[in-house]
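got a structure for you, letters missing:
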């Protein structure tokens, strides 16, 4: 599924005591109740995304500020951060490309 650049991608770190199947499930439910879309889960974290409007409602408009964990997530979540932008890299090493072009 392509990610629109309009979405704000988030990384959600769970509290140590919630790093189990029930805790992950409860946190997912709470994130969805806030209007966030869960895009992946692990044992210690959840990836999510939000439209700019939803992000503003949940966290405020300033994306450069430290994000405060909403009260409805506080029992499950230790921190929420904006995920760094992905850089897509070609899987062919540049030295292989150069060899095909006749370069050393």
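Alright, I've got the coordinates. What you are looking at is a predicted structure, and each value in this text was computed from that prediction instead of being measured.

tell me where the protein has helices.
21-33, 52-59, 94-100 (DSSP state H).

may I ask you to confirm that residue 72 is in contact with residue 32?
No - shown here, residue 72 and residue 32 do not form a contact pair, counting by Cβ atoms under 8 Å, at 11.1 Å. All C-beta atoms are positioned from the backbone trio N, CA, C, and that covers glycine.

can you give me the neighbour number for residue 26?
When neighbours are counted by other Cβ atoms under 10 Å, residue 26 registers 16.

show me where pLDDT drops low in this structure?
1-5, 86, 91-104 (pLDDT under 70).

now do the strands in it.
Shown for the chain, the strands assigned by DSSP state E span residues 8-14, 37-41, 45-50, 77-82.

want to throw these into a markdown table with distance to residue 25 and mean neighbour count?
What follows is the strands of the chain, written out as a markdown table (distance: least, Cβ to Cβ, whole Å; neighbours: other Cβ atoms under 10 Å):
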| stretch | distance to residue 25 | mean neighbour count |
| --- | --- | --- |
| strand 8-14 | 11 | 20 |
| strand 37-41 | 9 | 15 |
| strand 45-50 | 10 | 20 |
| strand 77-82 | 13 | 16 |
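
distance to residue 22 for those - can I get that in JSON lines?
Below are the strands of the chain laid out as JSON lines (distance: least, Cβ to Cβ, whole Å):
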{"stretch": "strand 8-14", "distance to residue 22": "11"}
{"stretch": "strand 37-41", "distance to residue 22": "13"}
{"stretch": "strand 45-50", "distance to residue 22": "14"}
{"stretch": "strand 77-82", "distance to residue 22": "15"}
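
quick check: beta-bridge partners of the residue nearest the centre of the chain?
Among the residues of the chain, the one closest to the centroid is residue 10, at 2.9 Å (Cα atoms, centre = their mean). With DSSP bridges as the criterion, residue 10 is bridged to residue 48, residue 82.

surely it meets residue 35?
No - in this structure residue 10 lies outside contact range of residue 35 using Cβ under 8 Å: 12.0 Å.

overlap in contacts of these two?
Common contacts of residue 10 and residue 35, defined by Cβ atoms under 8 Å, 6 or more residues apart in numbering, comprise residue 50.

for residue 75, what are its contacts?
The contact partners of residue 75, taken as Cβ under 8 Å, 6+ apart, are 15, 18.
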